[in-house]
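Asks: okay, here's the prediction I keep looking at, along with the sequence it came from:
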Amino acid sequence: MRFFHIADVHLGMQPDKGCPWSEDRSREIWESFKKVIQQAGRENASLFLIAGDLFHRQPLTRELKEVNALFASISKVQIVLIAGNHDYIKGELPSRRIAWAPNVHWLEEEKLAYVDFPELKTRVWGFSYYSREISSPLYDEIKVPKDSPMPWNILLAHGGDEKHIPMSADTFRRSGFDYIALGHIHKPQILEENYLAYPGSLEPLDKNETGHHGFIKGECSKDGTRIAFVPYSVREYKRFKLQVTERTTQVALENGIERILEEHGRHHIYTIFLEGIRGKHTEFLPESLKRLGNLVSLEDHTHRAYSISQLLEEYEGSVLEEYIRSFDIEHLTEEEEKILRLGIEALLESGEELL
């Protein structure tokens with residue numbers, strides 16, 4: 001019995017709103033979802049599991065119809081899904097809003113329910129969210145009944161933090177399930193080998209979701225369950241540090257960023273961290289740097305080159321001198337040195353008369 005497991009697709013979301021590539025990302029989420037559906041059909045998967053947050057918010061009827069058409073296109077694959085905290089059920093049930101294809105099965109009850117597939121010797125369990133937050137550890141007591149008629153039992157579970165059904169690997173250790181298909185955490189994680197996994201979001205959705213994204217592919221057999229993560233996303237968010245010196249100019253910085261984009265792929269989306277010491281009179285132009293490519297964030301962690309003794313001499317009798325002398329310069333802790341530096345830079349850049 002072969003299965004695909006996805007979660008946190010967030011159809012309808014527009015990542016990096018306001019950035020030039022934002023609308024492309026919204027379309028790419030739909031495209032990736034469409035392609036993984038098609039791949040499940042090509043590979044003759046038995047089950048296609050969706051562990052919540054297929055939609056970024058409660059879906060529109062037209063979105064449900066589009067998704068249903070995709071599901072219907074792989075009619076031999078049984079599709080089972082639950083609602084998560086983003087697309088939680090409110091008002092009319094999804095199963096009643098449109099005529100779903102025969103291979104689509106919503107576990108839309110608020111309490112644990114299941115759907116049986118005798119031809120696959122499999123029972124799939126789960127329940128849906130009816131609110132944005134659930135702080136109770138509802139999975140703690142869930143176990144496969146001893147009289148379950150199916151050899152293979154799979155649980156769809158959405159959560160994993162204090163506001164969304166707290167859980168851990170220990171929660172399910174003696175639950176008796178052959179596989180637990182998790183959702184909610186956007187980073188791919190196999191918590192227990194071949195048994196308990198988050199596929200993560202199919203496409204990365206913000207700059208903090210670095211690394212590979214995709215889905216879980218698995219198989220249940222007489223030898224047990226086997227799973228593997230499959231990288232699948234169109235793009236990745238990447239982070240790089242650029243070291244700055246007193247001699248670094250705007251042009252040199254632009255050249256450094258260009259090299260990163262060329263080497264690692266211009267289609268990816270980047271956060272660049274500037275670190276080190278910049279020249280005393282050097283100012284970088286972040287907006288010019290962002291025009292080089294898909295830079296979602298440029299974080300300047302540099303500090304100016306200066307000498308404490310020179311500052312004390314140059315700004316004698318000033319607020320700046322008074323601020324510096326409030327510290328024991330010879331015996332600064334690491335934290336105090338950071339505070340001193342930030343204060344000096346704030347005063348120097350305030351534009352106010354210091355003398």
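Replies: Arrived safely.

Asks: next, count neighbours for Lys207.
Replies: 16 (other C-beta atoms under 10 Å). Backbone N, C-alpha and C define where each C-beta goes, glycine included.

Asks: equivalent analysis for His105, please.
Replies: For His105, using other C-beta under 10 Å, the count is 19.

Asks: which other helices and strands contact whichever strand or helix holds it?
Replies: Following DSSP states H and E, one finds His105 within strand 104-106. Packing partners of strand 104-106 (3 or more C-beta pairs under 8 Å, 6 or more residues apart in numbering; DSSP states H and E): helix 61-72, strand 78-82.

Asks: ok, and for the first one, which residues are buried?
Replies: I take that to be helix 61-72. Across helix 61-72, burial judged by 16 or more other C-beta atoms under 10 Å covers Glu63, Leu64, Glu66, Val67, Asn68, Leu70, Phe71.

Asks: tell me the contacts of the last one?
Replies: By that I understand Phe71. Ile37, Ile79, Trp100, Ala101, Asn103, Val104 (C-beta atoms under 8 Å, 6 or more residues apart in numbering).

Asks: partner residues bridging the last one?
Replies: Pointing back at Val104 there. Ile79 (DSSP bridges).

Asks: how close does it get to Gln78?
Replies: 8 Å (C-beta to C-beta, to the nearest Å).

Asks: the closest residue to Ile185 other than its chain neighbours and Ile50, how far apart?
Replies: Leaving out its chain neighbours, the residue that sits closest to Ile185 by C-beta to C-beta, 6 or more residues apart in numbering is Tyr198, at 4.7 Å. Using C-beta to C-beta, one obtains 13 Å as the distance from Tyr198 to Ile50.

Asks: re the thing from before, just among the contacts of Phe71, which is most surrounded?
Replies: Greatest neighbour count in these, by other C-beta under 10 Å, goes to Ile79: 25 neighbours.

Asks: next, the contact list for it, please.
Replies: The contact partners of Ile79, taken as C-beta under 8 Å, 6+ apart, are Leu47, Phe48, Ile50, Phe71, Asn103, Val104, His105.

Asks: equivalent analysis for Asp178, please.
Replies: Counted by C-beta under 8 Å, 6+ apart, Asp178 has contacts Trp152, Asn153, Ile154, Tyr195, Cys220, Gly224, Thr225.

Asks: between Tyr198 and Ile50, which has more neighbouring residues?
Replies: Taking neighbours as other C-beta under 10 Å, Tyr198 and Ile50 compare with Ile50 leading, 28 against 25.

Asks: ok, back up a step: what's the most distant pair in the contacts of Phe71?
Replies: Comparing every pair within the contacts of Phe71 by C-beta to C-beta identifies Ile37 and Trp100 as the most remote, at 14.7 Å.

Asks: can I get the helices and strands packed on strand 104-106 in a markdown table including distance to Thr171 and mean pLDDT?
Replies: Formatted as a markdown table, these follow (distance: least, C-beta to C-beta, whole Å; pLDDT from 0 to 100):
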| stretch | distance to Thr171 | mean pLDDT |
| --- | --- | --- |
| helix 61-72 | 30 | 96 |
| strand 78-82 | 17 | 98 |
